[in-house]
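*Asks:* output the structure for:
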Amino acid sequence: MIVYTARKSKFLDDVLDDQIHKVIHREFQRKLYRRAGESEVNSWRNSMKEMRQVLTDPDIPGDSRVSIEYNIPLTGKRIDFILTGRNAQLEECAVIIELKQWSDVQATGQDAVVNTWLGKSNINTPHPSYQAWTYAALIEDYSEVVQNEQVRLSACAYLHNLKIDTVINDPFYKAHTDRAPVFISKDARKLSDFLKQHVKYGDQNDLMYRIEHGKIRPSKNLADSLASMLQGKREFLMIDDQKLVYEMALDLAHARGPEQKRVLIVEGGPGTGKSVVAINLLNEFTQQGKVCQYVSKNAAPRAVFEAKLTGTFKKTRITNMFKGSGGYIATESNFFDVLLVDEAHRLNEKSGLYGNQGENQVKELINASKVSIFFVDEYQRVTFKDIGSKAEIRKWAEALGATVCEQALRSQFRCNGSDSYIAWLNHHLQIKPTANLNMDGLDFEFKVFDNPAAMHQAIREKNKTKNKARVVAGYCWDWKSKKNAQAFDIEFPEFGYQAQWNLDNDGSTWIIKPNSVEQVGCIHTCQGLELDYVGVIVGPDFVVRNGEVVTDAFKRSNMDQSIKGFKGGIKANREKNLAMADTVIKNTYKTLMTRGMKGCYVYFTDDETRTHFQALLNGFEYVEAAPMLTKYEGLDLPIVQAGQEAANSVPIFDLKFAAGQFSEYQQADTFDHVVLPAHLRASEGYFVARVDGDSMNKRIPPGAWCLFHFNPQGTRNGKIVVVQHRRISDPELGGQYTIKRYKSEKNLGEDGVVNSVIVLKPESTNDKHEAIVLSAEDAEEMVVVAEFLTVV
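*Replies:* I've put the predicted structure just below:
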């Protein structure tokens, strides 16, 4: 996804008119469905003025293309600025420019890490050259267009407020500045010369559009890459916060005072690379001769890793590298140099088969090692016994005299790199509120099925490619097949569906066994692991009633150990245990729904819940009817009469846009304002109007009131827009307005002449609707009035 793209000449005009930051922000909101902070908007304004000075060089072709805020596929990272064109050899090329507003920078002793003022304090951050070249490498890794068409990628950094380059170009960082040179405030001409070396001719074939919409190479899987990583091969580029965590861990392990214990707490959500960093550190520390082990409470990741390493490493070496969290009860203090505790949120207080050994796993791990590194996501605590919180780790670190450092991982590598999908889940599973209310613009396949058999078959089809798709479920069904191999555990007779829980003889390696796609896994066999596609059966323990999530641990199977103690605890402290059960159930489904790197398919056993989530995918959510009267039927938001003012309000235009063909002529008069819901923010040019008809019902329910933006700037291709036509008169509805997906196409005519046409495409479950095709002559009478933003 690219937030802004234009030819160089158009970019220069947008900056000169002091509109560039507004245009970028408008596109940012439209594509990411959230507003940028004031500091980010100001950075666009300031940095783009500096880039205009660089690009005014007439030898940089006017038809080269500028792309701003490009989201790298399969990651959550955005590239500040890209210039595309052709080089002297006529090869297509892209120059990646990392922009910084830093005015001061300090060196550190960590590879590719510098220190600068960010926000309210000085913090360590990746060297901009390291950022730039790793971003280029990621594009090359993931884009088939770049690989197959031999696109040349170059990278650099521009710190346009920095006066002195002594630190940023220190020889200590030479390995990175050689790959991506750094330019500072006095180097605008040098940067122009650098760009001219790579971009001599214009971009006639819209390279970034092809990269954005081209095929993406299959994402890497940690388990598959494990052996080569432990043999020293670089399988995963550690970017930004991953690099910071890696370097901090190395620093802690080499710090003076070996008797001083050190603890590093690394917080990160699903897919942020916790395990990737842990395995990279395991390899590095082992190569350095340090006594280091990878620790996990959950047996499934260890079993899968061991299975993948069998045949490559000796059994004794594998056993020495991967351990369970309960094996450190009697370990002498500081026996290990480093312990890497992955999925630390799953740690228990007691150890042993019956949970009656030891005192506290967190205490025992810190005691056993000079350096303990805990990778934590408190939103993945999925049993009553899970105690691995940051507070618990800090408590025992202090008790054992250890110094504590903390870092966070935010770069998203699962769910197609979509932080927004994780936020969407948090919001709609009602774990915590976020601004991500719909799935629009997310490069991640999320489907709600109304038939479990159809969902399971869809997963089977996905599994044929790489054996990377599985079905999992909440533990709401007894494991009858454990004692009777002929019995089925999960059954829906009305759909002819029956399935067994994961095979007992597969144990913790269920997720990689070829035939296990026929079974259903649970939280214990998939947490800490990843798939391409995951299918999730949500049981009756999680339902939605009138828009509110209601959890019920009594609907869990009695065989489920994750809520062991719940029923007894209810008698002692009902409120506390209900809250704990609510957290466990919600976290369980979030964890299951984030196992997929490319997609998640879901079947909800409860009808109302299924309808609720299907509605969410159509762009709106349940809203309790407001206790108010309104003359605008169906618009259940506060109305402000003409002449009055209210915060966060926009005009209501008394128009009905046809989601059919062009509607009857209407005069756009505005009388009142409507106060937008809290998750939407009013902005200049926004208005609300109603959409009639069902030709866009995949996105816009018939009769829905929607938020629009007048006179959209930039490309219209691919956007849903309101179009006005002054001449066309449809026999049924008359003339003037329609709302459709806009696409500009070039067609070869019979005489060999290329003709441009505008195609206005419906998106409907009703097959009767056809695209409106406007010839070049008709298009001259067409005006794009507004752009659709969202249903209100």
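
*Asks:* C-alpha from now on. contacts and neighbour counts both.
*Replies:* Noted.

*Asks:* can you tell me the SS state at the residue nearest to V792 when sequence neighbours are not counted?
*Replies:* Distance criterion Cα to Cα, 6 or more residues apart in numbering; nearest residue to V792, sequence neighbours excluded, is C706 at 5.2 Å. Classification of C706 by DSSP: H, G, I helix; E, B strand; the rest coil places it in strand.

*Asks:* just checking, D224 touches K308?
*Replies:* Yes - contact criterion Cα atoms under 8 Å: D224 and K308 qualify, at 6.9 Å.

*Asks:* who has more neighbours out of these two?
*Replies:* Using other Cα atoms under 10 Å, the more surrounded residue of D224 and K308 is K308, with 18 against 13.

*Asks:* what is the helix or strand where that one lies packed up against?
*Replies:* Using DSSP states H and E, K308 sits within helix 299-309. Contact partners of helix 299-309 among helices and strands, from 3 or more Cα pairs under 8 Å, 6 or more residues apart in numbering; DSSP states H and E: helix 222-230, strand 322-324, helix 523-526.

*Asks:* show residues contacting the shortest one.
*Replies:* Think strand 322-324. Strand 322-324 is contacted by residues Q293, Y294, V295, S296, K297, N298, A299, R302, E306 when judged by Cα atoms under 8 Å, 6 or more residues apart in numbering.

*Asks:* coming back round to it: show me which residues of the helix holding K308 are buried.
*Replies:* Neighbour-count burial for helix 299-309, with 16 or more other Cα atoms under 10 Å as criterion, is recorded at A299, A300, P301, R302, A303, V304, F305, E306, K308, L309.

*Asks:* what is the neighbour count of A678?
*Replies:* Number of residues near A678 (other Cα under 10 Å) recorded here: 9.

*Asks:* secondary structure class for it?
*Replies:* Of the three states, A678 takes coil under three-state DSSP.

*Asks:* can I get the buried residues of helix 299-309 in JSON lines with pLDDT and distance to L281?
*Replies:* Output for the buried residues of helix 299-309, formatted as JSON lines (pLDDT from 0 to 100; distance: Cα to Cα, whole Å):
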{"residue": "A299", "pLDDT": "84", "distance to L281": "20"}
{"residue": "A300", "pLDDT": "81", "distance to L281": "20"}
{"residue": "P301", "pLDDT": "84", "distance to L281": "17"}
{"residue": "R302", "pLDDT": "85", "distance to L281": "16"}
{"residue": "A303", "pLDDT": "82", "distance to L281": "19"}
{"residue": "V304", "pLDDT": "82", "distance to L281": "19"}
{"residue": "F305", "pLDDT": "84", "distance to L281": "15"}
{"residue": "E306", "pLDDT": "83", "distance to L281": "17"}
{"residue": "K308", "pLDDT": "79", "distance to L281": "18"}
{"residue": "L309", "pLDDT": "84", "distance to L281": "17"}
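
*Asks:* now, which of those sits nearest V371?
*Replies:* Closest approach between those and V371, by Cα to Cα: R302, at 21.0 Å.

*Asks:* pLDDT at the nearest residue to the closest one once chain neighbours are set aside, what is it?
*Replies:* Using Cα to Cα, 6+ apart and skipping residues adjacent in sequence, the residue nearest R302 is F322, 6.3 Å away. At F322, the model reports a pLDDT of 91.

*Asks:* what about F322, neighbour count?
*Replies:* 20.

*Asks:* and K274, what does it touch?
*Replies:* K274 makes contact with V266, G268, D342, F375, L409 under the criterion Cα under 8 Å, 6+ apart.

*Asks:* just flag the most distant two among the residues you listed.
*Replies:* Pairwise distances across the contacts of K274 peak at 13.3 Å for D342 and L409 (criterion: Cα to Cα).

*Asks:* more neighbours: these two, which one.
*Replies:* Ranked by neighbour count (other Cα under 10 Å), D342 and L409 place D342 first, with 27 against 23.

*Asks:* report the beta-bridge partners for that one.
*Replies:* Following DSSP bridges, D342 is listed with bridge partners S296.
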